[in-house]
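Visitor: Could you look at this predicted model? Sequence included:
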Amino acid sequence: MSQLTDLIAQCDAESREANARSDRAALLKALEDYRRSVGRLNDCSDDIKKELGAWVRGVGRVSIDLLLISAAIHADLRFIDELCELLAMKSPEVPDEMIADILYKIPSPKAVPWLAEALFRKHDYDVYDECNVKCLEALYAIRTPDALDAVESAITSSSERVRERARELCAKW
């Protein structure tokens, strides 16, 4: 196992234990320790890409949330294909919002079709349409004609918040 997968396993175990005790402080500490430890890892992008690929193939064994935290800390253009494929899966296990955050950090024209499609997804847990707004932000960061078309299409969204943010971004374009 790599240092990354060791850290994920350790944090996952600590998180489960904290949840079992309903100890929110311990859970937050485990996540903060994880972020700090992952931030100190050198050159773990290959391990992140490998684990993202395992999730795409349906054989992911590590926590997707912790893996995406790692991908956000060590954002790398080499992750684009796997992140887009994860968005395409439309899986409730895979947090689209976290993927949109990472794609904002590593803007690539390859992500436009996937972000454009995710822009109109509804998530029961997302009453404020935060995921959709994050997709808009990532599209804006890409700044290609296709990305602009996707942002403009959101002006007709059923969500007032998404329509408003789309108008703001189009005005800044």
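Guide: On my side now, so go ahead.

Visitor: And this structure, what are its domain boundaries?
Guide: Domains of the chain are assigned by automatic domain parsing as 1-74, 75-173.

Visitor: would CSV of those with mean neighbour count and mean pLDDT be doable?
Guide: Any C-beta I mention is one placed from the backbone N, CA and C, and that applies to glycine too. Shown next, in CSV, are these (neighbours: other CB atoms under 10 Å; pLDDT from 0 to 100):
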stretch, mean neighbour count, mean pLDDT
domain 1-74, 16, 95
domain 75-173, 18, 96
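
Visitor: ok, residue 59 to residue 51 distance?
Guide: Note on residue 59: its distance to residue 51, by CB to CB, to the nearest Å, is 10 Å.

Visitor: Would you state the helices of the protein in chain order?
Guide: Using DSSP state H, the helices found in the chain span residues 3-20, 24-40, 45-56, 64-73, 80-89, 96-105, 112-118, 130-142, 145-153, 160-172.

Visitor: I'd like these written out as a markdown table, with distance to residue 124 added.
Guide: Output for the helices of the chain, formatted as a markdown table (distance: least, CB to CB, whole Å):
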| stretch | distance to residue 124 |
| --- | --- |
| helix 3-20 | 21 |
| helix 24-40 | 23 |
| helix 45-56 | 22 |
| helix 64-73 | 17 |
| helix 80-89 | 17 |
| helix 96-105 | 13 |
| helix 112-118 | 15 |
| helix 130-142 | 11 |
| helix 145-153 | 23 |
| helix 160-172 | 16 |
